[in-house]
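*Asks:* next come a sequence and a model predicted from it.
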Amino acid sequence: MKNATQAKPDHRYAGMWVTADGFIRHELLTTGRYDEARGKNNSAWQGRYEIVGDYIQYWDDTGFTADGHFHDDVLYHAGMILYRQ
């Protein structure tokens, strides 16, 4: 039996995150999925993500994993810095 008071996912970081040059774009969907565009290549990577506190873990549909963290409304991920758009 499901618990009627189950916590809902925290989607405060949902939305579009973009590098300063606009080349990398991460769209964090409220469904727990993400869609990453690179340059003119829309949907270059897709998969799921989970956020715990300010930490994000990614699981790409191809099996690749990555992580990052949010600080002062900036996403630090795999050596990249992305800003909320």
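*Replies:* Okay, I see it.
*Asks:* and the longest strand along the chain, C-alpha only, in PDB?
*Replies:* The longest strand of the chain (DSSP state E) is strand 41-52. What follows is strand 41-52, C-alpha atoms only, in PDB (Å, rounded to 0.1, in the frame of the first residue of the first chain):
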ATOM      1  CA  ASN A  41      22.700  19.100 -31.800                       C
ATOM      2  CA  ASN A  42      19.400  19.200 -30.000                       C
ATOM      3  CA  SER A  43      18.700  16.200 -27.700                       C
ATOM      4  CA  ALA A  44      22.400  15.200 -27.800                       C
ATOM      5  CA  TRP A  45      22.000  13.400 -24.500                       C
ATOM      6  CA  GLN A  46      18.900  12.300 -22.600                       C
ATOM      7  CA  GLY A  47      18.300  10.500 -19.400                       C
ATOM      8  CA  ARG A  48      17.100  10.700 -15.900                       C
ATOM      9  CA  TYR A  49      18.300  12.700 -12.900                       C
ATOM     10  CA  GLU A  50      17.800  12.900  -9.200                       C
ATOM     11  CA  ILE A  51      18.400  15.800  -6.900                       C
ATOM     12  CA  VAL A  52      19.200  15.400  -3.200                       C
END
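*Asks:* that one - which strands sit beside it in the sheet, and in what orientation?
*Replies:* strand 33-38 (antiparallel), strand 55-60 (antiparallel) (DSSP bridges).
*Asks:* a markdown table for those strands, including mean neighbour count?
*Replies:* Just so you know, the C-beta spots here come from the backbone N, C-alpha and C atoms, and that holds for glycine as well. Listed next are the strands paired with strand 41-52 as a markdown table, based on neighbours: other Cβ atoms under 10 Å:
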| stretch | mean neighbour count |
| --- | --- |
| strand 33-38 | 17 |
| strand 55-60 | 16 |
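*Asks:* in TSV: those strands, plus distance to residue 83 and mean pLDDT.
*Replies:* Output for these, formatted as TSV (distance: least, Cβ to Cβ, whole Å; pLDDT from 0 to 100):
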stretch	distance to residue 83	mean pLDDT
strand 33-38	15	97
strand 55-60	15	96
